[in-house]
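1. Have a look at this prediction, sequence included:
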Amino acid sequence: MALNQKLFFLVSGEHPELPAAEVKAVLEGEGFEYKVLGRSMRLLSLEASARSLVEVGSRSLMCEVCGLEWSLYHREERAARRASKADSR
């Protein structure tokens, strides 16, 4: 299957490894290829088929929300950009 969509999975924070491992296990069990793009305690960002969202959403108990990733934006970067614009005025 083609890796063609950036997806996000908001997982429970009850354990540092198990929730993300459960999402990956569902993907592997259903035969979906995936590539990990990023990971934090509660957020897993993957490249995979959008069809995998249905399987993970229905089978994973530790995934609270999943969907298409439109953009990834960090508040710290936004604050730094605003500060640098203010300094240049």
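-> Looks like it came in fine.
2. low pLDDT regions in the chain?
-> Applying pLDDT under 70 to the chain picks out residues 1-3, 71-89.
3. Which parts of this protein are strands?
-> 5-11, 34-39, 43-48, 63-68 (DSSP state E).
4. in the last one, what counts as buried?
-> I take that to be strand 63-68. Neighbour-count burial for strand 63-68 flags 63, 66 (criterion: 16 or more other CB atoms under 10 Å). Every C-beta, even on glycine, is put in place using the N, C-alpha and C of the backbone.
5. between that strand and strand 43-48, how big is the angle?
-> Strand 63-68 runs at 40 degrees relative to strand 43-48, counting by axes from the mean of the first three to the mean of the last three CA atoms, to 10 degrees.
6. Name every strand pairing with strand 63-68 and say which way it goes.
-> Within its sheet, strand 63-68 is paired with strand 5-11 (antiparallel), according to DSSP bridges.
7. and the angle for the partner strand with strand 34-39?
-> Angle of strand 5-11 versus strand 34-39, following the same axes, to 10 degrees, is 60 degrees.
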